[in-house]
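Q: can you look at this prediction? I've put the sequence above it.
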Amino acid sequence: MTRYIALLRAVNVGGTGKLSMADLKSMCLDAGFDHVETYIASGNVVFDANDTPARVKSALEAKMLAYAGKPVGVIVRTAGEMKAVLEGNPFQKHPPNFTVAIFLDGRPPSDALDHAVGKSDEEMRLGVREIYVCYGAGMGRSKLRIPAAKQGAARNMNTVARLVSMALEV
């Protein structure tokens, strides 16, 4: 079995709407996943599965479509991949709650940061399948928009660290 972390896009923060973490856990169990744990009400779930990342993603997206009546983006990483994101954070000296990884399905375009608009005091770096952003004055005040990140799922480094910890506990 592989230990996975799935990140749902725009859950409980607008767009998709409300989803209880109990319902999310139940959907994962119904999909055949084991050792399912959720973390905070923003669509984070850690579990074991025998399937490939693509099949895990597809299964969760199908469950979410049936639940919400519309597509919900799902990003999937193995525990090792998520640990690499945490360790690869180029902004380790900055507050983890002001630094996010925007998780993408694939590699960001090499010119992704050139197309960002509304930049103020933010710093940005490309990762493997992520875009790292350090928000100087905080994410809530930022006007930054990165077109390449539109279909991504952002998580701050505190959340990433907790998900890694949960994934490695089993």
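A: Perfect, I can see it now.
Q: doesn't residue 48 belong to a strand?
A: Yes. Counting by DSSP: H, G, I helix; E, B strand; the rest coil, residue 48 is found in a strand.
Q: may I have stretch 159-170 as PDB, with CA atoms only?
A: Extracted C-alpha coordinates of stretch 159-170, given in PDB (Å, rounded to 0.1, in the frame of the first residue of the first chain):
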ATOM      1  CA  THR A 159      -0.500  22.500   7.100                       C
ATOM      2  CA  VAL A 160       2.100  20.800   4.800                       C
ATOM      3  CA  ALA A 161       4.200  19.900   7.900                       C
ATOM      4  CA  ARG A 162       1.200  18.500   9.700                       C
ATOM      5  CA  LEU A 163       0.200  16.400   6.700                       C
ATOM      6  CA  VAL A 164       3.700  15.100   6.400                       C
ATOM      7  CA  SER A 165       3.700  14.200  10.100                       C
ATOM      8  CA  MET A 166       0.300  12.400   9.800                       C
ATOM      9  CA  ALA A 167       1.400  10.500   6.700                       C
ATOM     10  CA  LEU A 168       4.600   9.300   8.400                       C
ATOM     11  CA  GLU A 169       2.900   8.300  11.700                       C
ATOM     12  CA  VAL A 170       1.200   5.100  10.400                       C
END
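Q: give the buried residues for it.
A: Of the residues in stretch 159-170, 159-164, 166-167 count as buried by neighbour count, 16 or more other C-beta atoms under 10 Å. Quick note: C-beta positions are derived from backbone N, CA and C, even for glycine.
Q: closest to residue 133 out of these?
A: Among the buried residues of stretch 159-170, residue 160 lies closest to residue 133 (C-beta to C-beta), at 12.8 Å.
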